[in-house]
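Chemist: can't give you the sequence, but here's the structure:
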């Protein structure tokens, strides 16, 4: 029995929405972030980066910096860049990209559903990061980027979403990353009640993106249980089948003391290895492609090297178990691994590898949503950064205030 609620969202005024809403902060390269901040005074990035033009900066996870974020947010509201809906509503959001169209509901989802495992995870979180974002919530008192949740909607939910989309959208704009965005309001009380009732028949919802945000929201709720709004977090709920899942490729910054020849010999203990004249992506889940010493190799796992449990058969787990652990003996991923998302050109990976003589590029085969669901149902976790999931929602498009 899942629970969602409508809420009084804070959102940009219509004529500035294309200027205010931004991609998530972590998706920007430093140079691109600087250019955005310098060229657009309305960007929500100014709220998240209030010290952009300051010479002396506070620590990124300090209360002082979070207080500046809160102050900048209030400044944007005082300048009338934002409005607040007068009554609780649900939102239908559609994002159109070159690789898919993504439609779903923006709503408040229940923290208790996460705590009781109705909302299931497939990745471990880092306690330190959870506590940092909890501190952010306590100081700033708002959620500006929804947690991405996937589920299997009922026919009634689908029909009500489609009915809403027959009307003119509240927002309709295109951004410089060549994505189109549309937002509709479901403000009819009868339709809101129908949708929330339908969710009560659902028991399995899955975190697609935002594990740390939801874990931090849980910590925040435990400490602020007297605040009814803390019982919910900002979420975007989308049909399982509509997600687009890319691989998250790896760069080993330094393969360590092993020689180039010995590295390839060790690889042959676990994989059939084929020299490639040119780059070719993996075509199935038991394949991995590596870029090493300016050469491409296709690796096909030796099935005898894989344990019989489901998790061990995952492509990302094979990379962790066989290459990172057994071949390279890497224990601390944070120090030696860099991640490159799979929806970028493979040239980004090769360029980074070529810059360091002893580095290694690893291209994975993308996971299927069925694998994510099964791992979550088993109560297990994938390796860190196993997936890059689209859509990535705009920050500051709908804001949930505590």
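Modeler: Looks like it came in fine. Since we're looking at a predicted model, the values are computed, not measured.

Chemist: tell me the contacts of residue 72?
Modeler: The contact partners of residue 72, by CB atoms under 8 Å, 6 or more residues apart in numbering, come to 46-47, 50. In this view, the C-beta of every residue, glycine as well, is placed from N, C-alpha and C.

Chemist: mind putting those residues in a markdown table, distance to residue 350 and neighbour count included?
Modeler: Converted to a markdown table, the contacts of residue 72 look like this (distance: CB to CB, whole Å; neighbours: other CB atoms under 10 Å):
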| residue | distance to residue 350 | neighbour count |
| --- | --- | --- |
| 46 | 35 | 21 |
| 47 | 36 | 26 |
| 50 | 37 | 21 |
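
Chemist: Mind checking which of these are in strands?
Modeler: Among the contacts of residue 72, DSSP state E puts none in strands.

Chemist: closest to residue 254 among those residues?
Modeler: For the contacts of residue 72, the residue nearest residue 254 by CB to CB is residue 50; the value is 36.4 Å.

Chemist: That closest one contacts residue 69, correct?
Modeler: Yes: Residue 50 is within contact range of residue 69, at 5.6 Å (criterion: CB atoms under 8 Å).

Chemist: where exactly do the helices run in the stretch 101-250 of the chain?
Modeler: Under the criterion DSSP state H, counting those that start in this stretch, helices of the stretch 101-250 of the chain are mapped to 111-115, 127-140, 155-164, 189-199, 211-223.

Chemist: Select, out of those helices, the one closest to residue 26.
Modeler: When these are ranked by proximity to residue 26 (CB to CB), helix 211-223 comes first, at 11.0 Å.

Chemist: coming back round to it: relative to residue 112, which of the contacts of residue 72 is nearest.
Modeler: Taking CB to CB as the measure, residue 47 is the one of these closest to residue 112, at 29.1 Å.

Chemist: just to revisit the earlier point, would a markdown table of the helices of the stretch 101-250 of the chain with distance to residue 372 be doable?
Modeler: Conversion of those to a markdown table gives the following (distance: least, CB to CB, whole Å):
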| stretch | distance to residue 372 |
| --- | --- |
| helix 111-115 | 16 |
| helix 127-140 | 21 |
| helix 155-164 | 21 |
| helix 189-199 | 20 |
| helix 211-223 | 12 |
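
Chemist: Which of the helices and strands in this structure ranks last by mean pLDDT?
Modeler: Lowest by mean pLDDT, DSSP states H and E among the helices and strands of the chain is helix 333-336, with a mean of 80.

Chemist: Just name the most buried of the helices of the stretch 101-250 of the chain.
Modeler: helix 211-223 (a mean of 21; mean count of other CB atoms under 10 Å).

Chemist: That helix packs against which elements?
Modeler: Using 3 or more CB pairs under 8 Å, 6 or more residues apart in numbering; DSSP states H and E, the elements in contact with helix 211-223 are helix 111-115, helix 127-140, strand 147-151, strand 232-239.

Chemist: among those, which is nearest residue 310?
Modeler: Once the helices and strands packed on helix 211-223 are compared by CB to CB, strand 147-151 is nearest, at 19.1 Å.

Chemist: contacts for that closest one?
Modeler: 2, 109, 119, 202, 204-210, 213-214, 217, 233-240, 243, 369, 389, 391, 393.

Chemist: Quick check: neighbours of that strand in the sheet, parallel or antiparallel?
Modeler: Strand 147-151 sits in its sheet next to strand 205-209 (antiparallel), strand 232-239 (parallel), going by DSSP bridges.

Chemist: Show me which helix runs longest in the chain.
Modeler: helix 63-78 (DSSP state H).

Chemist: Can you point out the buried residues in that helix?
Modeler: Neighbour-count burial for helix 63-78 flags 65-66, 68-70, 72-73, 76 (criterion: 16 or more other CB atoms under 10 Å).

Chemist: can you put those residues in CSV and add pLDDT and distance to residue 148?
Modeler: Compiled in CSV, the buried residues of helix 63-78 are given as follows (pLDDT from 0 to 100; distance: CB to CB, whole Å):
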residue, pLDDT, distance to residue 148
65, 96, 26
66, 97, 23
68, 97, 27
69, 97, 22
70, 98, 25
72, 97, 25
73, 98, 22
76, 98, 24
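
Chemist: What is the nearest of those residues to residue 267?
Modeler: So of these, ranked by how close each gets to residue 267 (CB to CB), first place is residue 65, at 44.5 Å.

Chemist: Confirm for me that that closest one is in contact with residue 56.
Modeler: No: checked against CB under 8 Å, the pair residue 65 and residue 56 is beyond contact range at 11.8 Å.

Chemist: From the contact counts, what lies against the helix or strand following the longest helix of the chain?
Modeler: Under the assignment DSSP states H and E, the closest C-terminal helix or strand after helix 63-78 is strand 82-84. On a contact count with 3+ CB pairs under 8 Å, 6+ apart, strand 82-84 meets strand 10-12.

Chemist: That'll do, ta.
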